[in-house]
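[1] Model the structure of this input:
(4 chains)
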Amino acid sequence: MSSREPMALIRSIIRNRVNGLTVVGSAHGIDIDLLCGANAVSASQESYVGFEQDFGMAHNYRRGCESGEIEIQDNCCYTLVQQLRASIQGLPFMPIQSVRGTDFEKNHPSYKTIQSPYSGEDILVVPPLTPDVAIIHAQYADLHGNLRIEGPPVVDLLFAQASRTVLATVEKIVTNEELKRLGGANIPYFYVSYIAEAPMGAHPTACYPFYAYDREHTELYMSAAKEGSTAFKKKYLKDFVYECESHEEYLHRIGGEDTRVRLSSWKESTDAWMELYKEST
Amino acid sequence: MSSREPMALIRSIIRNRVNGLTVVGSAHGIDIDLLCGANAVSASQESYVGFEQDFGMAHNYRRGCESGEIEIQDNCCYTLVQQLRASIQGLPFMPIQSVRGTDFEKNHPSYKTIQSPYSGEDILVVPPLTPDVAIIHAQYADLHGNLRIEGPPVVDLLFAQASRTVLATVEKIVTNEELKRLGGANIPYFYVSYIAEAPMGAHPTACYPFYAYDREHTELYMSAAKEGSTAFKKKYLKDFVYECESHEEYLHRIGGEDTRVRLSSWKESTDAWMELYKEST
Amino acid sequence: MGKNCTLGELLIDQLARTVEDDTLVFHGFGSPLVQIALHVAKRVYTPNLVLVAGATYGVNPDPPFIAPTTNDWVHDRNSECHLSIGELFDLSASGRLGRMFLSGLQIDRWGNTNVTQLGRKTLKLKLPGGGGACNLSCNAKNITLWTAAHRSEPVKGKRRYRIVSQCDYVTGFGHKNADGITRRQLGYLGNGPQCLVTDLGVFDFDQDGHLRLNVLYPHTTVDDVLENTEFEPRMKKEVKTVSLPSLEVLSIIRKLDPLRIHEKELSPGDRSLTLEEPKNAAIC
Amino acid sequence: MGKNCTLGELLIDQLARTVEDDTLVFHGFGSPLVQIALHVAKRVYTPNLVLVAGATYGVNPDPPFIAPTTNDWVHDRNSECHLSIGELFDLSASGRLGRMFLSGLQIDRWGNTNVTQLGRKTLKLKLPGGGGACNLSCNAKNITLWTAAHRSEPVKGKRRYRIVSQCDYVTGFGHKNADGITRRQLGYLGNGPQCLVTDLGVFDFDQDGHLRLNVLYPHTTVDDVLENTEFEPRMKKEVKTVSLPSLEVLSIIRKLDPLRIHEKELSPGDRSLTLEEPKNAAIC
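    Predicted coordinates:
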């Protein structure tokens, strides 16, 4: 959602004119919406794409779904977890307590009801999910590729374990000793295919303890997205993605060091932190 | 096995003349063997009970199994993991890739083969395992009951999540702030029913960083156990369990402060550590 | 006394009062009314609550303020421990989540919720999606539904009801779906929706699992409810008026949410409402 | 050269040579020969090995010495990261464990292993149990079997064979069981046992999945093998004699295991053996 999304990776994917993507994840916002705004997505298995009560609907995502450009295959958080677990455990299916009776059951012919060989009760089973690629932004990696995520890892660990290829950007590459001093890796290197250092690589989402969520930039994004698909390309994508040949250029365009200092001011005090989240007037 | 076993709890269980227990776990040694030597066990679903190549077979366990006193229901590590996961996830069964074709399949009528609704392939399913009680020794707890295990937690987390009642002893009760400074809880308090502070509560198994494995005491234990059931009661159980009305008395009998100092000497140097594991001559 | 409060504060208090002590509760993202309600509950009504915060999965956090986005470290401050996402959902699937709070762009008479899409056969509006609502709706022991948009002003003479006869899409399962399948038939562990807190009043569900008006607010009437509901809800014999939150509750809310994030859930008109204690007050 | 080594050191080297680079391997508890072999492999033969230590689940540890019990923090020293028990077994179940090492009090002609019990219908001896051997035997991509007790001296004129026609209890699945069920029929991901390293020689499995003598040691003969095996193993056309470990390998072993923990796996007689490089050496 608004935290630790692999935004630099996503901008790079868009710049490389990748399209036809099927996206899958739990609670997302600007990451998926940006891909949709660049017409890179052809199917969505997300459980949520939005900006909560603050900015509401994800306009690019919504437009893509409503126009038929994006095939809607909505999933739910736990169903996703169980499907990833099936893949991780090499199982042909995973049972799950729930989903039956809702419209997710009807809209997913791949979900099947079977009988428990014990009680005879009906139970839903879901097929394994093995993504081709997982993209992750973490705080730290060592040179071997061990990743350390600080704060809630949400579904990142499961995605790293289940996916064929794992691409990761990090705020900082450190030695293995330093990584251990920080608390140790939570994604072992052998799951990780490639890493790159990308400071502020999650911007405008947060990557604590480095920087908070850039609500100001997100507001700018939202107002461009709200105007429509063409306006979004002209007013946002051009400036912040297409014309940025590098991550450095992007950092320059969002305000460079001033922005970094502003977003890392959350550490100073509760008031400073709150200041970042006040409505602009 | 030789690390972080809830030995003080087990001695207390024996002193309280509990018996008829069904024990279940992965790789164990002196903990289960001690319960068997006290005739507290009537069925075993362990995956391993022994003293590795160092002391070999667990004599009390073996005798109990061979005499018929203990019903043998051997399990395997991963089967156990999948059964605990079934319980934790509220599922009527859990699939598992393996076991079929081995004698575990034949000896466990509760394991069933079903067909995958996708490929039609056969797959084994195992029923949930919900232990009545889990007993755990951890390094730290806070007063709320949050537990922090340092080093490999092995199956303790899954047991804590799956069991109806969780009893825990810890080396040290600290504040929640201190617990977080140490790296944070890995078993949240609401899983934990009761905690007690029992320094050296894992003795003679190790509880790093506090103390290493007491190979010397284990050797004494083994020589008593080897002699037979009656000798074991007279030469070990009497001295170290029945006559110890408290954990303090046990600590006194195993050598008090001298023993604690000896076993914590591992920190000083590799040589000091190695010294603890040399064969007595 | 002169105890005044806003509608948002009243809703928070009503949500907080639906929680039982010694249970595990969870709030998802995008729901500051519930998020704040759980902090109120923990501090005032149900001190032994196990409060799991959505997005961060921190247990019993004590945030210095509420931010406009849920997955922010500010909401994780002073958590005593953490769960993983799988662990929280496992707790629900195994019947150990005491209460979940669900909302929807549509909520129907049987307590089904829709946050997936408007339009039954043809898509009219793609909604953000339900996160884990579908899963949690089945097995959370009890469910509190809520919405701050019950009042639906007509646009070009047509109302888009929030409280509808039948959801266009069932994201979260209520007491039964349009095919008449009940949660008992599906073997779910949860009891289903127990109450619905809206900007117009508080409802419960009768023995059939049908929505029933229970309590009104100082500023709302039965007619308001009837006008803004697509079907005719059942009525409790005696529909009382709610009592306002205590000064303690109000002070907690005001201290915890100086940015008034929770008001983003309310319609602009409702944000400026000031409510006064009525004479014949009752509790949901 | 005058390169001498002990039998234990030879076994370690032979075990180490069965590992492929760039794969994930795991050693269980109670198996110091394998534990040391994996450290040798990682340092000499296969530097990109992902070495997961049994009991601690540390990845690529670099212990200062080997202790007599596996689940000791000394074996976790300098691990670069850690797995959980579930994660390691999940990796195996999904076909991502490159090689597992299994032993048994009985190992049969089809590579089945027994660490559960002696006595088929009536229990003669309760063995400690297999840990996760049963699970790992099915799906580890490749399996190395080993035992340092192939030589079975007769007790009261009766031998208790280690290498038997048929296991009393199948703890770990080999190429097929006594019912003739093959691992292919069961749909397992693993290829099954690829070789067996014993104190008498090194074996592979032929196309039928049957044990076959491949290589002898300087001090062992085909007759030794025949005498100490319950059935007649098949023979490679040309049974060569093994080459001894390099000085580099020997120095690693001696430095890593000053307490000679690995010799606990050997029979007392075998511990004092000194082997010398033969003329016609070969590699397993």
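[2] for residue C:113, phi and psi?
    Residue C:113 has phi and psi values of phi -130, psi 150 when expressed as degrees, to the nearest 10.
[3] How confident is the prediction for it, by pLDDT?
    Residue C:113 carries a pLDDT score of 98 in this model.
[4] Who is it paired with across the strands?
    Bridge pairing for residue C:113 (DSSP bridges) gives the partners residue C:107, residue C:172.
[5] in terms of contact, does it touch residue C:101 like I think?
    No. Applying C-beta atoms under 8 Å as the test, residue C:113 and residue C:101 come out as separate, 10.8 Å apart. C-betas here are computed from N, CA, C, even on glycine.
[6] Hmm, residue C:66 is touching residue C:32, no?
    Yes. Taking C-beta under 8 Å as the definition, residue C:66 is a contact partner of residue C:32 at 5.8 Å.
[7] Now the common contact residues for the two.
    By the contact definition C-beta atoms under 8 Å, 6 or more residues apart in numbering or on different chains, residue C:66 and residue C:32 are jointly contacted by C:257, C:261-262.
[8] Could you check which of residue C:113 and residue C:101 is surrounded by more residues?
    Neighbour count, other C-beta atoms under 10 Å in any protein chain shown: between residue C:113 and residue C:101, residue C:113 has more, with 29 against 26.
[9] State the distance from residue C:134 to residue A:75.
    9 Å (C-beta to C-beta, to the nearest Å).
[10] got it, and residue C:109?
    Per C-beta to C-beta, residue C:109 is found 27 Å from residue A:75.
[11] repeat for residue C:45
    From residue C:45 to residue A:75 the distance is 35 Å (C-beta to C-beta).
[12] Between the two, tell me which one has more neighbours.
    Using other C-beta under 10 Å, the more surrounded residue of residue C:45 and residue A:75 is residue A:75, with 25 against 17.
[13] Check what pLDDT the more buried one gets.
    96.
[14] Now tell me what touches stretch C:160-171 from outside.
    For stretch C:160-171, contacts defined as C-beta under 8 Å, 6+ apart pick out A:101-104, C:104-109, C:112-120, C:129-130, C:133-134, C:137, C:147, C:149-150, C:152, C:177-178, C:196, C:198, C:211, C:228-231, C:233.
[15] who's more crowded, residue C:66 and residue C:32?
    A count of neighbours by other C-beta under 10 Å puts residue C:32 above the other of residue C:66 and residue C:32, at 27 against 23.
[16] show me what contacts the more buried one?
    Shown in contact with residue C:32 (C-beta under 8 Å, 6+ apart): A:53, C:66, C:257, C:261-262, C:264-265.
[17] switch to 7 Å and redo it
    Counting by C-beta atoms under 7 Å, 6 or more residues apart in numbering or on different chains, residue C:32 touches A:53, C:66, C:261-262, C:264-265.
[18] One more: residue A:38?
    Neighbouring residues of residue A:38 by C-beta under 7 Å, 6+ apart: A:14, A:237, A:241.
[19] Spell out which parts of the stretch 1-150 of chain A neighbour chain B.
    Residues of the stretch 1-150 of chain A lying near chain B by C-beta under 7 Å from any C-beta of the partner chain: A:90-93, A:95, A:97, A:112, A:114, A:116-119, A:121, A:123, A:125, A:127.
[20] quick one: which of those is most hemmed in?
    Tallying neighbours with other C-beta under 10 Å puts residue A:97 at the head of the residues of the stretch 1-150 of chain A next to chain B, with 27 neighbours.
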